[in-house]
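Q: how does the following fold in three dimensions:
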Amino acid sequence: FRIEIQLISTKKMLQKVKISSDALQVCMSHALSTEKEEIMGLLIGEVEDGVSHVHATIMLYRLDKRKDRVEISPEQLSEASSKAEEMGKMTHNHRPMRIIGWYHSHPHITVWPSHVGMSNY
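A: Down below sits the predicted model:
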């Protein structure tokens, strides 16, 4: 299987991506929860000085019933954005957190991004 992680572009080029072990474990567990359909989640964190810090993830529910597609609704995105802001308020340094990317799996298909995935970069 393959997990594809895509970061939302910023005005500056990213030089490094750091993902916490907890966030990576959630991504892996989520991807391994089913081998019959793709899964998707959001990456929560911050970008500072060309470094993307992924601190948490938000697993999403599937909207598209096709096994090889994942989609996010505007409502899910809005709710996740609010949740990311709340997560930032709960950290010890109260750093603002936001959605900085997403992940999804490709079970039993090519490891290369699909034409749909490429159009989202």
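
Q: report pLDDT for H94.
A: Turning to H94, the model gives it a pLDDT of 71.

Q: so it touches E86, yeah?
A: No - contact between H94 and E86 fails when scored by Cβ atoms under 8 Å: they sit 11.3 Å apart. C-beta here means a position set from N, CA and C on the backbone, and glycine is covered the same way.

Q: and the most centrally placed residue in the chain, what pLDDT?
A: With distances taken as Cα atoms, centre = their mean, W102 lies nearest the centre of the chain, 2.2 Å away. On the pLDDT scale, W102 is placed at 88.

Q: that one belongs to a helix, doesn't it?
A: No - under DSSP: H, G, I helix; E, B strand; the rest coil, W102 sits outside any helix and is assigned strand.

Q: my read is that it contacts L42, right?
A: Yes - contact criterion Cβ under 8 Å: W102 and L42 qualify, at 5.2 Å.

Q: what do these two both touch?
A: I72 (Cβ atoms under 8 Å, 6 or more residues apart in numbering).

Q: ok so, going back, tell me what the residue nearest to the centre of the chain is bridged to.
A: Beta bridges link W102 to Q6, L42 when assigned by DSSP bridges.

Q: and H53, by the same measure?
A: K18, E46.

Q: for it, give its distance to E79.
A: Remark: distance between H53 and E79 (Cβ to Cβ, to the nearest Å) = 22 Å.

Q: and for A31?
A: 22 Å.

Q: likewise G50?
A: In terms of Cβ to Cβ, G50 sits 29 Å off from E79.

Q: and for V47?
A: For V47, the distance to E79 - Cβ to Cβ - is 22 Å.

Q: fine by me, thanks again.
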